[in-house]
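Student: sharing a sequence plus its predicted fold:
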Amino acid sequence: MTPPTTKVAPARPAAALPRHARKPRKRRGSRLGRALWFLGPLAVLALAWAVAVAVTGTPLRVFPQVTDVARALGDMAASGDLARHLGASLRRMGLGIVLALVTALPFGIALGSSRALSAFFAPLLRFSVALAGIAWIPVATLWFGYGDRAVIFIVWNAMFFALTYNAMLGVRQIPVQLLRAARSLGTSRLRMFWEILLPGALPSIVTGLRVGLGYGWRGLVAAEIIAGSAGLGYALFQAQKYFRTDVIIASMVIIGVLWLLMDRLLLAPLERRTVERWGMTGVNR
């Protein structure tokens, strides 16, 4: 006698399962957790700031309350000053980044491809990194006067040496066997640059871009304080003349938040994906 067979119901697709039976999405929770972990210290700082000013009774002229800074931000936005200064800073920063990339990457890759050139220029690069950016502001005002050209030069100068040095190091990390194989196959110099040298050095280049943008951002603010007629640094310096500490701190908050957004939303994901695609995988960020 044949034992009765038990019919097994086919597995229901995830979309057909009731909402309570589906597995929770970990990615959304992890993103929320990372966001809260990232914003937590800023919230603690704002709370400590508000309590300290309220307890000590510090006057506005010395240091503003959080609500004073929020009010100053609203006034800047309503008057159009925020858009004007923000637009000027971002335009100068963008032009400086483009110039730095166009000039630094070919030079750095050329240095990495030649041991003789890299040995000759490496001490100069290390020397220049220490002086790049802010130290060049007096010279920039003599060369270009006060205005956009001086500020853009400072951004370019602050980024150029960091990008060049990291591009050189990135080319040196490419396996020698790969370069020899490409040369033995008769690869042209242009194709060698686009298909081997640039992709091979890309993880190091992106790291240099992240570091160089930090230098460039600080150089931008300092140059706008001295040589600018608009921009976030200029707004910060002008507020000091009228003892507007609320506008000073508001400008500082905008500068810091912009850099945080640029770093976390653009540079950190770009570096992570570049390293995973072209370099070592499993790098923690």
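Tutor: The structure has been received and is ready for your questions. Residues are numbered from 1 along each chain as shown.
Student: Met76 touches Leu82, doesn't it?
Tutor: Yes - counting by C-beta atoms under 8 Å, Met76 does reach Leu82; the two are 4.1 Å apart. In this view, the C-beta of every residue, glycine as well, is placed from N, C-alpha and C.
Student: after the one helix or strand Arg218 maps to, next one along is what?
Tutor: Assigned by DSSP states H and E, Arg218 falls within helix 198-227. Scanning forward in sequence from helix 198-227 by DSSP H and E, the next helix or strand is helix 232-241.
Student: what comes into contact with that following helix?
Tutor: In this structure, residues lying in contact with helix 232-241 by C-beta atoms under 8 Å, 6 or more residues apart in numbering are 76, 81, 85-86, 88-89, 220-225, 228, 245, 247-248, 251-252, 254-255, 258.
Student: and Ile254, what pLDDT?
Tutor: Per-residue confidence at Ile254 stands at 89 (pLDDT).
Student: sorry, that was for Arg27
Tutor: Looking at Arg27, its pLDDT is 55.
Student: on contacts alone, who are the packing partners of the longest helix along the chain?
Tutor: Assignment by DSSP state H gives helix 81-113 as the longest helix of the chain. Packing partners of helix 81-113 (3 or more C-beta pairs under 8 Å, 6 or more residues apart in numbering; DSSP states H and E): helix 66-79, helix 115-131, helix 148-172, helix 198-227, helix 232-241, helix 245-262.
Student: can you flag the buried ones in the contacts of helix 232-241?
Tutor: Neighbour counting by 16 or more other C-beta atoms under 10 Å classes 76, 85-86, 88-89, 220-225, 228, 245, 247-248, 251, 254-255, 258 among those as buried.
Student: so the nearest residue to Phe107 once chain neighbours are set aside versus Leu261, what's the distance?
Tutor: Using C-beta to C-beta, 6 or more residues apart in numbering and skipping the chain neighbours, the partner closest in space to Phe107 is Thr164 (5.4 Å). Taking C-beta to C-beta, to the nearest Å as the measure, Thr164 falls 27 Å from Leu261.
Student: neighbour count winner among those two?
Tutor: Neighbours were counted for Thr164 and for Leu261 using other C-beta atoms under 10 Å; Thr164 has more, 28 against 10.
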